[in-house]
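Asks: pasting the sequence and the predicted model now:
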Amino acid sequence: MKKRTKNFYFNVVLLFFVGILTGCANDGNEETTTNSSENNSVLESTEEDTTKTDENASTSEIVESNTDEANDISSEETDKDDSGHTPSENSDSNVGDKEDKETLSQYSSEQIEYARVWLQLGANQDIDGLYVQHIPAGTPLNPNDETSLEYPEDVIQLAGGRLVDGSVTYSGNGDGTINEYNVPLRWDGNYPAGEKFYTDIINHTESVYIDTGNDEDVIELIKLTNIQ
């Protein structure tokens, strides 16, 4: 009887210790499992954050790249006009065009008239200068002849720089025509010539219509004009 009682207590104690050991083992496994799960969750969260950070960085780089390209294109388009030239190129081109395209509007009507008259009536077109002299009415046709008559109106005398270039003496009518006087630049001959000689010159002035001529030729001659 006593022997059975001892065995019974022994088994109860043994079962008690086995239960304690089993419970500890289960608690350790559960804790390990819980910690492992928590660690996995943290790792997954970290990986997701890293991935999102990388994606955001890539997106930011793409946006910045596109913005830079757009700014470059906008800058190029701003610097160019519809013709594809930059303002500085256009400015240089416009200046060159203005210099190359001189017009008669830059000159006075008198300058244009002198050049056109000489281009049509001048004896020599290859001159180094066009000299213009205004002669008032009442001036003798030939100052060296006491029998000379006087100009009945204001006249203009055009001449080259040399005697061989000849001269043109005329009065303008304001309608595209002139009255040309047949007088030389320098008078040669026997004097006194007499009043009849000078009367014939005055009475036989010739009315001449002056063509407009070529604008470029007119401008070139204007540049050689010297008004005395």
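Replies: Perfect, I can see it now. Numbering: from 1, shown residues only.

Asks: which parts of the chain are helices?
Replies: 2-78, 87-100, 109-121, 195-203, 215-222 (DSSP state H).

Asks: domain parsing for the protein?
Replies: The chain breaks down into these domains under automatic domain parsing: 1-101, 107-227.

Asks: any idea which of the ones you listed scores lowest on pLDDT?
Replies: When the domains of the chain are compared by mean pLDDT, domain 1-101 comes last with a mean of 50.

Asks: count the neighbours of residue 191 for me.
Replies: Neighbour count of residue 191, defined by other CB atoms under 10 Å: 14. All C-beta atoms are positioned from the backbone trio N, CA, C, and that covers glycine.

Asks: tell me, how many residues neighbour the residue lying closest to it once chain neighbours are set aside?
Replies: Distance criterion CB to CB, 6 or more residues apart in numbering; nearest residue to residue 191, sequence neighbours excluded, is residue 145 at 4.4 Å. For residue 145, the number of neighbouring residues by other CB under 10 Å comes to 19.

Asks: shift numbering so it begins at 28
Replies: Will do, 28 is the new start, and the previous item becomes residue 172.

Asks: how close does residue 172 get to residue 230?
Replies: Relative to residue 230, residue 172 is positioned 18 Å away (CB to CB, to the nearest Å).

Asks: same question for residue 158.
Replies: Remark: distance between residue 158 and residue 230 (CB to CB) = 28 Å.

Asks: these two: which has the busier surroundings?
Replies: In terms of neighbours (other CB under 10 Å), residue 158 is the more surrounded of residue 158 and residue 230; the figures are 19 against 7.

Asks: for residue 246, what are its contacts?
Replies: Applying CB atoms under 8 Å, 6 or more residues apart in numbering, we find residue 246 in contact with 129, 131, 134, 142.

Asks: quick one: buried ones out of the residues you listed?
Replies: Among these, those that count as buried by neighbour count (16 or more other CB atoms under 10 Å) are 131, 134, 142.

Asks: relative to residue 239, how far out is the first one?
Replies: It refers to residue 131. 9 Å.

Asks: from one end of stretch 213-225 to the other, what's the distance?
Replies: 15 Å (CA to CA, to the nearest Å).

Asks: got the contact list for it?
Replies: Residues external to stretch 213-225 that are found in contact with it (CB under 8 Å, 6+ apart): 168, 169, 171, 172, 173, 174, 175, 176, 190.

Asks: looking at the residues you listed, which is nearest residue 201?
Replies: residue 168 (23.0 Å; CB to CB).

Asks: how about the residue nearest to residue 218, what does it touch?
Replies: Residues counted as contacts of residue 172 (CB under 8 Å, 6+ apart) are 214, 218, 219, 220.

Asks: from those, which two are the most distant?
Replies: Taking CB to CB, no two of the contacts of residue 172 sit farther apart than 214 and 219, at 11.5 Å.

Asks: report the beta-bridge partners for the closest residue to residue 149 other than its chain neighbours.
Replies: The shortest distance from residue 149 to any non-neighbouring residue, by CB to CB, 6+ apart, is to residue 195 (6.1 Å). For residue 195, the beta-bridge partners under DSSP bridges are residue 185.
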